[in-house]
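> got a structure for you, letters missing:
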């Protein structure tokens with residue numbers, strides 16, 4: 001038989017599930033090379049990347065918690081400031097009311113003082129007018145009395161000094177009587 005036939009017969013007697021020895025050695029060597037490359041180079045890089053991602057996620061969660069705590073603190077600070085501003089506004093409104101009441105009382109007092117001053121000035125003016133009218137009336141009564149007395153007596157009482165004395169005495173008597181009208 002020929003060599004080719006022997007080879008075929010040998011191949012026919014070999015188990016098809018078992019690979020050839022050369023393929024088995026090359027496969028094992030290739031597997032070991034891939035295992036070393038993956039184990040020494042790729043696995044550390046993958047683990048480093050996973051650790052970085054874990055740190056980033058945990059850091060993100062921590063930063064989110066810190067931001068949330070800060071936001072809550074700012075919100076509480078805002079609420080405190082708002083409550084303080086409301087309290088201050090209420091205090092300012094109360095002060096404004098008090099000042100308005102005080103100004104109102106002051107204006108009322110000023111108006112009353114002005115009214116009293118005007119009434120006093122009016123009384124003074126009335127008294128001055130009354131005195132002027134009384135003086136004018138006294139002069140007119142004196143003139144009329146002198147004229148009447150002159151007609152009654154039949155003499156002229158044109159002398160100013162005498163006329164003045166008579167008029168003054170007459171008016172004094174007239175004022176001293178209880179029925180005198182002012």
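Arrived safely, thanks for sending. Keep in mind that what you see is a predicted model, and the values were worked out from it rather than measured.

> need the longest helix for the chain.
Ranked by number of residues, the top helix in the chain under DSSP state H is helix 43-153.

> after it, which helix or strand is next?
helix 160-176 (DSSP states H and E).

> can you give me the angle the longest helix of the chain makes with helix 160-176?
Orientation check (axes from the mean of the first three to the mean of the last three Cα atoms, to 10 degrees): helix 43-153 against helix 160-176 gives 110 degrees.

> what's helix 43-153 packed up against?
helix 160-176 (3 or more Cβ pairs under 8 Å, 6 or more residues apart in numbering; DSSP states H and E). From N, CA and C alone the C-beta is placed, and that goes for glycine too.

> centre of the chain versus the helix it packs on, how much separation?
Put simply, helix 160-176 sits 79 Å off its chain's centre (Cα atoms, centre = their mean, to the nearest Å).

> what's the closest non-adjacent residue to residue 142?
residue 167 (3.3 Å; Cβ to Cβ, 6 or more residues apart in numbering).

> number of residues surrounding the one you found?
20 (other Cβ atoms under 10 Å).

> go on, residue 47?
For residue 47, using other Cβ under 10 Å, the count is 10.

> and residue 151, by the same measure?
By the criterion of other Cβ under 10 Å, residue 151 has 11 neighbours.

> relative to residue 164, how far out is it?
Going from residue 151 to residue 164 by Cβ to Cβ, to the nearest Å gives 19 Å.

> pLDDT value on the residue most central in space within the chain, please?
Central residue of the chain (Cα atoms, centre = their mean): residue 89, 5.3 Å from the mean position. At residue 89, the pLDDT value in this model is 93.

> before we move on, what about the one 10 residues further on?
pLDDT, residue 99: 93.

> next one: residue 57
88.

> can you pull the contacts of it?
Applying Cβ atoms under 8 Å, 6 or more residues apart in numbering to residue 57 gives no contacts.
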